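Asker: Build the 3D model from these lines:
(chains A and B)
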Amino acid sequence: MSASTAASNEPATYVVPYRPVREFLTGPIASISLTLILVLAIGLFAAGPRFLSFGNVSIMGNFLIVPLVIASFSGFALMSGVVDLSIGSMVAFSAAVFAKLLTLGCSPLAAGGASLVLCAAFGGFNALAIVGFRANPIAATLGMLTALRGIAWVIVGGSGRINAFNMELFTLVNMRVFGLPLFFLISVALILFATLMVTKMRVGRHVKAVGGDPQAAERAGISVGGVRTFALIASAVGACLGGIIFVAQLGSAGRFTGFMLEFQVYAALMIGGYSILRGGVGNPFGGALGLIVVAGMTNILDLTAYSPYYLNIIVGILLMSAVLLDRLRGGDAYE
Amino acid sequence: MSLNGTMEGVAAAGRPRLDWGRWSAPIVVAGAWLALIAATSIYRHDFLSHQTLLAVTFTMSVVGVLAIGQGLVAISGGFLDLSQPSNLILSSLVVIRLSEAGMPLPVLFVAGILTGMAWGLVNAAIIVFGKLNPVIVTLSTNFIGIAALYLIFQLAQVPNNSDIYYFGRASFLGLPAIWWPMLALILIVGVFMQRTRFGRRATAGGGNRFAAQVRGISLRKTRFAVFTIAGGFVGFTSILFVSAAGPIEARSADLLLLNVIAAVIVGGIALSGGRGHFWMLILSVGLLSTVPTSLVFFGLDSDSQAIFQGLILVVAVALDGYRSKKGTP
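Answerer: All right, here's what the predicted structure looks like:
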């Protein structure tokens, strides 16, 4: 508490504090595992054994596809030290564009390509404001969140829904391998690849370095602006893929597609060891475990027929607890 | 305290020098406002009407008082209070329920302000005791608040023929009665922030918190006060809001937040804290409150308005970032 304020006035001699128990309990792996166990326990208690039945797990897997895909991309933005709050609206936007193009008679491939290009352009716009003009990322992407939601609404139009059911896409997205949805396995593979990138590959380490200490990274010859631009565009592309998968799954895009998804994804990532306030921490695998926790809670509320708004309340509380945990792990204290 | 003179120096040091005079910013904003009014009235001759006046002054009153609260948070180094929408709706709900019970107007004012302050106090407690970043805390409390409000009510409205209903429709010197409290509050807070100890402490804490701490300013106490008072302003807004707005629901105030943040930034109050003048809010709030009505006259529906309001915020935030990049050597 007061030690950190005193330290900031003196020339720093930084000593790594030795607190093994606290470090273990607040460490990313331990905290996420404890939360996961808690959710499993609550699920078994509240919903009974059907919570872990194969059918239910498969439903959760289907539900998890979009968040996993988004998280594996936007995790890079968080890691490089910029937050992209506009991903939920980006999902709505890409879903609306994709569905609209399908109804206009485009092939799924062309429609998907067009939405990817558009989303990447908006990601570039985010990057221009945040990297080029040094805008505050949270405030800037909050504006983008509203703007994109508005564009999505305009595309969806007065009926509030674009029906674009496509049999090929539907069969593709519902294909099963070993009893699990194929796309769920693909999204898990994506997460594993992202984890590999962050821990073992040069690109991932550059991203981590930029988030951890931008000045040091700049001096080491890494282009901080370039990495952040790449991360913001990647996050837009991830959200775009999420929107396309939504349309394939549901056969339509609506006014509330992807609504508040950004909070659920970021809350999950933060429980899983990422930080909104500082880059360079966390890894996609932990983030995926966080997403499983949120999906598990959604599922429990579904099975016990509670209002989904309770989920938002729980997620909000989890988000704050996650920030608190992050501070205990060594995140910046706000004083 | 004798430290106050020194504190002024600290606060002034954080202020970047404008190359083209201290009046440039007000002139630019006022010019943009006039240009917007001129452009819209040339496009549509019926823009300059009583209806427009009512719509613009209503938005101005609500956004103006919210912007005071947001500005206090920003100037004192608290970045943003993103929970203003749910605080506004909660206070409005309390005011509506009390007015349904037939309470007189002064009681509603006190109840609204107290509810807002209570919300602000909760935010402040989490921020100060948890040492958590205000942006994340208010983001989460807003998220929780909106969800909780959805569980409590669907639609609510002040009863016709109640005191507050007539207050919202009264006018004074040709302008709606709800507009004048906003003007008075901006003027008072403008003087207050420059001339009182609390105002200077808050500004100093936002400019350079280490310097402020060394000078013996308790950042914790200042933060507590700032977030609670900012909540109080939101509570005050709820009276103006419900008196003239139609039925409200849990998300009614969402788009207001963007206007408020943009108004604070366009008004020259830095998101990084420590500099800004509250009087500028009159102009920036005026400009940004005219935008939605103008958009309607240009034929855009509420869906497309969201696009513009979002983009205005992005541009304003980029401007703020560019300004502070230039301001810090």
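
Asker: quick one: the closest residue to A:Gly280 other than its chain neighbours and chain B, what's the gap?
Answerer: Closest residue to A:Gly280 apart from its sequence neighbours, by CB to CB, 6 or more residues apart in numbering or on different chains: A:Gly212 at 2.9 Å. The C-beta positions use only the backbone N, C-alpha and C, and glycine is treated the same way. Distance from A:Gly212 to chain B, counting by CB to the nearest CB, to the nearest Å: 18 Å.

Asker: swap in A:Leu64?
Answerer: 21 Å.

Asker: swap in A:Leu185?
Answerer: From A:Leu185 across to chain B, the span is 32 Å (CB to the nearest CB).

Asker: ok, that residue touching A:Val177?
Answerer: Yes: using CB atoms under 8 Å, A:Leu185 makes contact with A:Val177 at a distance of 5.9 Å.

Asker: pLDDT score assigned to residue 48?
Answerer: Because you didn't say which chain, this covers chain A. You'll see A:Gly48 listed with a pLDDT of 80.

Asker: think we crossed wires, I meant chain B
Answerer: Note on B:Leu48: pLDDT of 84.

Asker: residues of stretch B:49-60 that come out buried?
Answerer: B:Thr52, B:Leu53, B:Leu54, B:Ala55, B:Val56, B:Thr57, B:Phe58, B:Thr59, B:Met60 (16 or more other CB atoms under 10 Å in any protein chain shown).

Asker: filter these by proximity to chain A?
Answerer: Among the buried residues of stretch B:49-60, proximity to chain A is found for none (CB under 8 Å from any CB of the partner chain).

Asker: Between those, which sits nearest chain A?
Answerer: Nearest to chain A out of the buried residues of stretch B:49-60 is B:Thr59 (CB to the nearest CB; 16.2 Å).

Asker: surely B:Ser86 meets B:Ile146?
Answerer: Yes: if you go by CB under 8 Å, B:Ser86 and B:Ile146 touch, sitting 5.0 Å apart.

Asker: Who has more neighbours out of the two?
Answerer: For B:Ser86 versus B:Ile146, neighbours defined as other CB atoms under 10 Å in any protein chain shown are more numerous around B:Ser86 (26 against 23).

Asker: What separation is there between that one and A:Leu311?
Answerer: 16 Å (CB to CB, to the nearest Å).

Asker: Show me which residues of the stretch 101-250 of chain A are close to chain B?
Answerer: Checking the stretch 101-250 of chain A against chain B by CB under 8 Å from any CB, the hits are A:125, A:128-130, A:132-136, A:138-140, A:142-151, A:153-154.

Asker: switch the cut-off to 7 Å
Answerer: Counting by CB under 7 Å from any CB of the partner chain, the stretch 101-250 of chain A comes close to chain B at A:129, A:133-136, A:138-140, A:142-147, A:149-151, A:153-154.

Asker: Where do the strands of chain A begin and end?
Answerer: A:161-163, A:176-177, A:180-181, A:252-254 (DSSP state E).

Asker: need those strands in a markdown table with mean pLDDT and mean neighbour count, can you?
Answerer: Putting those into a markdown table (pLDDT from 0 to 100; neighbours: other CB atoms under 10 Å in any protein chain shown) gives the following:
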| stretch | mean pLDDT | mean neighbour count |
| --- | --- | --- |
| strand A:161-163 | 86 | 17 |
| strand A:176-177 | 82 | 12 |
| strand A:180-181 | 82 | 18 |
| strand A:252-254 | 87 | 23 |
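
Asker: Present those as a markdown table; the columns should include distance to A:Val117.
Answerer: Shown next, in a markdown table, are these (distance: least, CB to CB, whole Å):
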| stretch | distance to A:Val117 |
| --- | --- |
| strand A:161-163 | 19 |
| strand A:176-177 | 30 |
| strand A:180-181 | 27 |
| strand A:252-254 | 18 |
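
Asker: how far away is the residue nearest the centre of chain A from chain B?
Answerer: In chain A, the C-alpha nearest the mean C-alpha coordinate belongs to A:Ala71, at 3.3 Å (CA atoms, centre = their mean). A:Ala71 is 18 Å from chain B, where distance means CB to the nearest CB.

Asker: Burial check on A:Gly221, number of neighbours?
Answerer: Number of residues near A:Gly221 (other CB under 10 Å) recorded here: 7.

Asker: closest to A:Met270 out of the strands of chain A?
Answerer: strand A:180-181 (26.3 Å; CB to CB).

Asker: Angles on the backbone of B:Gly276, please.
Answerer: When quoted as degrees, to the nearest 10, the phi and psi of B:Gly276 stand at phi 140, psi 150.

Asker: whoops, B:Pro176 was the one
Answerer: Torsion angles at B:Pro176 (phi, psi; degrees, to the nearest 10) stand at phi -60, psi 150.

Asker: and if you look at A:Asn283?
Answerer: phi -150, psi 150.

Asker: before we move on, back to that, what's the closest of the strands of chain A to A:Leu40?
Answerer: With CB to CB as the criterion, A:Leu40 lies closest to strand A:180-181 of the strands of chain A, at 18.6 Å.

Asker: show me where pLDDT drops low in chain A?
Answerer: A:1-17, A:22-28, A:331-332, A:335 (pLDDT under 70).

Asker: Measure how buried the residue nearest to A:Phe193 when sequence neighbours are not counted is and give me the count.
Answerer: In space, and not counting its chain neighbours, A:Phe193 is closest to A:Ser72: 7.6 Å by CB to CB, 6+ apart. Neighbourhood size, A:Ser72 [other CB under 10 Å]: 26.

Asker: A:Ser72 contacts A:Val188, correct?
Answerer: No: A:Ser72 lies out of contact with A:Val188 (CB atoms under 7 Å); the separation is 9.4 Å.

Asker: got a list of what residue 244 touches?
Answerer: No chain was given, so I picked chain A. With contact set as CB atoms under 7 Å, 6 or more residues apart in numbering or on different chains, A:Ile244 has these partners: A:Ser94, A:Phe98, A:Gly112, A:Ser115.

Asker: My question was about chain B, not that one.
Answerer: B:Phe58, B:Gly168, B:Ile178.

Asker: Contact residues of chain B facing chain A?
Answerer: So chain B meets chain A at B:80, B:126-127, B:130-137, B:140, B:143-144, B:147-148, B:150-151, B:210, B:213, B:219, B:258, B:261, B:271, B:303-304, B:306-307, B:309-311, B:313-314, B:317-318, B:320-322, B:325 (CB under 7 Å from any CB).
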